[in-house]
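In: structure here, sequence nowhere to be found:
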């Protein structure tokens, strides 16, 4: 019996999408808005519905080759052109190039009489002509409430709304329809969000007297999407949405090390500094030198020819540069060369979300290698702001994705005890953590620095004294006296005492060496005298030996002579005489 063939499962269909070109929005929607379908953008007055819709049309015409029609019911063409020019978009130029069609439809309630046969045929004809005239692929209707404001009959209104959305689908254009926020529903009529394939809710809220804008994708038929609230900013270059919560921990790391600008601190990191692309937290009480460490970090980066971006929330740019010159760090040349940008503002100027989006835009445009935020604890006036940690988490993840080396300073309570937690609770997110403290002893305060942690590298566990000099900041070794750490004048007194003791030891060593040299000289003289006496005695002995040898040689010679005489026949002198 033949086995039935297995039918492979059908591949999931991918919904075609139209990219908006708006930074961050395409990431949230995972590619853009549903192509050929209507999208509802709703929100209260001033939340940015018109700006988002107009930028959708402009980006399509300029970046994706998709002409668009913008039909408005509240403001005329001239007003829209002027408003968009503030964002750097020239709608008039695009209209002359036949890339954009602008159509203002004036709806007056007094001129409309409701009848049972009321419909939108006239609007369809007008909109269809605009679409066909430029071959539009994108359409915006702003706002739908103005179109139906004269229709109190809910049955007719609902029917015409369905017809409008169906007509746009049949036309095959990607449409955005804006609507005002209702009291109990997303829109005023409560029907548009059910008919639309995609619904985006914009929110403009005031928290602690600070204005913030946020975006949320309420629904998206046939596609996954980000469901969180995302901050967005209407800036000089259009809308910027920062979908930080969608970032994953998949950033690449570098083995390169960069200097902190403080030689002693580099030594504490093994003599090489911190990893490029890492995050460094410098926490400490007021006056411990956090801004000076930041300035040294920036000065070192600019000296390497890298770009640096500084967000200062306590001092103005001129005040910061003047104060740093007092310790020998001049940041002015780097600003003039374009290697350094300083953005100084009060934290209350924007909300946390706007600060975040603003940083995002500046990093994207300036492309720095180093970013410094001084201090992060001033971003919120509320010490218990739960949103601050989330904001910083998003910023840290974003900078890691961009490969930027970041340094954050954090203000902590002024106490002599070691602080094992940062004020904003982000120390666990940092790769390296430096703690600056003030030590009060003997009527003075001295600064100390220690490395609490540094991931992926060996680092010193010593406490070093932090001092200001005429050529920047430097670290010096502290002294331990019993169970106390000596710094400041106590350290200098200890150093003076040790220098005096060292000098005394040096003098004693010199004296002992001189005594040893003198004894060596005396011994050398004694040895020379003994050597001379020995030489003299050796001469006498040699002379006596030679004399004895000479005498012995004479005796032997005489013996030989006598022997020769005897051998000649005589018995000596007497024998020779008898023969005669």
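Out: Ah, there it is. Remember, predicted model here, so these are calculated numbers, not experimental data.
In: ok, which stretches of the stretch 151-300 of the chain are helices?
Out: Ranges of helices in the stretch 151-300 of the chain, per DSSP state H, counting those that start in this stretch, are 154-171, 192-195, 263-268, 290-303.
In: and the residue nearest to residue 375 when sequence neighbours are not counted, how many residues sit next to it?
Out: Nearest non-adjacent residue to residue 375, counting by C-beta to C-beta, 6 or more residues apart in numbering: residue 409, 4.2 Å away. (Each C-beta comes from the backbone N, C-alpha and C, glycine too.) Neighbourhood size, residue 409 [other C-beta atoms under 10 Å]: 26.
In: got it, and residue 534?
Out: Neighbour tally, residue 534, other C-beta under 10 Å: 10.
In: kindly report the same for residue 412.
Out: Neighbours around residue 412, by other C-beta under 10 Å: 21.
In: was I right to think it contacts residue 283?
Out: Yes. With contact defined as C-beta atoms under 8 Å, residue 412 reaches residue 283; the gap is 5.1 Å.
In: would you check how far apart the closest residue to residue 186 other than its chain neighbours and residue 471 are?
Out: Distances taken as C-beta to C-beta, 6+ apart place residue 193 nearest to residue 186, at 4.5 Å, with adjacent residues excluded. Distance, residue 193 to residue 471, using C-beta to C-beta, to the nearest Å: 65 Å.
In: show me where the stretch 351-500 of the chain has helices.
Out: 352-366, 386-402, 488-567.
In: list the buried residues of stretch 46-59.
Out: For stretch 46-59, the neighbour count (16 or more other C-beta atoms under 10 Å) marks 47-59 as buried.
In: next helix or strand past the helix or strand harbouring residue 83?
Out: Secondary structure from DSSP states H and E places residue 83 in helix 77-85. Sequence order places helix 91-96 as the next helix or strand after helix 77-85, per DSSP H and E.
In: what count of nearby residues applies to the residue nearest to residue 186?
Out: 19.
In: could you do residue 175 as well?
Out: Neighbour number of residue 175 under other C-beta under 10 Å is 29.
In: separation between residue 529 and residue 539?
Out: According to C-beta to C-beta, residue 529 stands 16 Å off from residue 539.
In: got it, and residue 334?
Out: 88 Å.
In: neighbour count winner among those two?
Out: Comparing residue 334 with residue 539 by neighbour count (other C-beta under 10 Å), the higher total belongs to residue 334, at 20 against 10.
In: so the more buried one sits right up against residue 300, yeah?
Out: No. If you go by C-beta under 8 Å, residue 334 and residue 300 don't touch, sitting 10.8 Å apart.
In: between the two, what contacts are shared?
Out: Counting by C-beta atoms under 8 Å, 6 or more residues apart in numbering, residue 334 and residue 300 have no common neighbour.
In: any idea how far stretch 31-39 is from the chain center?
Out: Counting by C-alpha atoms, centre = their mean, to the nearest Å, stretch 31-39 is centred 36 Å from the centre of its parent chain.
In: contacts only, for the most centrally placed residue in the chain.
Out: When C-alpha atoms, centre = their mean is applied to the chain, the residue found nearest the centroid is residue 406 (2.0 Å). Contacts of residue 406 were listed using C-beta under 8 Å, 6+ apart, and they are 278, 279, 280, 370, 371, 372, 373, 396, 399.
In: and it, bridged to which residues?
Out: residue 279, residue 371 (DSSP bridges).
In: and for residue 411?
Out: With DSSP bridges applied, the residues forming beta bridges to residue 411 are residue 284.
In: any idea how many residues pack against it?
Out: 20.
In: which non-adjacent residue is nearest residue 61?
Out: Residue 61's closest residue in space is residue 99 (C-beta to C-beta, 6+ apart), at 4.0 Å.
In: what's the distance between the spatially closest residue to residue 72 that is not a sequence neighbour and residue 73?
Out: Leaving aside its sequence neighbours, residue 72 sits nearest to residue 142 (C-beta to C-beta, 6+ apart; 4.9 Å). Here the criterion is C-beta to C-beta. By it, residue 142 lies 7 Å from residue 73.
In: quick one on the thing from earlier: which residues touch the residue nearest to residue 375?
Out: Contacts of residue 409 (C-beta under 8 Å, 6+ apart): 281-284, 290-291, 293-294, 372-376.
In: mind redoing it with 10 Å?
Out: Going by C-beta atoms under 10 Å, 6 or more residues apart in numbering, residue 409 touches 280-284, 288-291, 293-294, 313-314, 372-378, 434, 436.
In: now swap in residue 405 and tell me
Out: With C-beta under 10 Å, 6+ apart, residue 405 has these contacts: 254, 256, 258, 260, 273-280, 297, 301, 306, 308, 368-372, 399, 431.
In: now it: closest residue in space, sequence neighbours ignored.
Out: Once flanking residues are discounted, residue 405 sits nearest to residue 370: 5.0 Å by C-beta to C-beta, 6+ apart.
In: surely that neighbour meets residue 303?
Out: No. Contact criterion C-beta atoms under 10 Å: residue 370 and residue 303 do not qualify, at 11.3 Å.
In: tell me, how many residues neighbour residue 234?
Out: By other C-beta under 10 Å, 18 other residues sit near residue 234.
In: repeat that for residue 147.
Out: 21.
In: now residue 93
Out: 12.
In: what residues are up against the residue lying closest to residue 104 once chain neighbours are set aside?
Out: Nearest in space to residue 104, with sequence neighbours left out and distances taken as C-beta to C-beta, 6+ apart, is residue 76 at 4.4 Å. Going by C-beta under 10 Å, 6+ apart, residue 76 touches 102, 104, 105, 106.
In: and the residues you listed, which are buried?
Out: Counted by 16+ other C-beta under 10 Å, the contacts of residue 76 give 102, 105 as buried.
In: just give me the closest of the contacts of residue 76 to residue 219.
Out: Comparing the contacts of residue 76 against residue 219 with C-beta to C-beta places residue 105 closest, at 28.1 Å.
In: mind checking pLDDT for the residue lying closest to residue 313 once chain neighbours are set aside?
Out: Among residues not flanking residue 313 along the chain, residue 378 sits closest, at 4.3 Å (C-beta to C-beta, 6+ apart). For residue 378, the model assigns a pLDDT of 74.
In: same deal with residue 331?
Out: Reading off the model, residue 331 has pLDDT 93.
In: give the buried residues for stretch 331-340.
Out: For stretch 331-340, a neighbour-count test (16+ other C-beta under 10 Å) marks 331, 334, 335, 339, 340 as buried.
In: now do the contacts for the residue lying closest to the last one once chain neighbours are set aside.
Out: The shortest distance from residue 340 to any residue that is not its chain neighbour, by C-beta to C-beta, 6+ apart, is 3.9 Å, and that residue is residue 334. Residues in contact with residue 334 (C-beta under 10 Å, 6+ apart) are 298, 299, 301, 302, 303, 307, 308, 321, 340, 341, 342.
In: closest to residue 495 out of these?
Out: The closest of these, once distances to residue 495 are taken by C-beta to C-beta, is residue 299, at 28.9 Å.
In: residue 138 contacts residue 37, doesn't it?
Out: No. Between residue 138 and residue 37 there is no contact under C-beta under 10 Å: 11.8 Å.
In: shared neighbours, these two?
Out: 18, 173, 174, 175.
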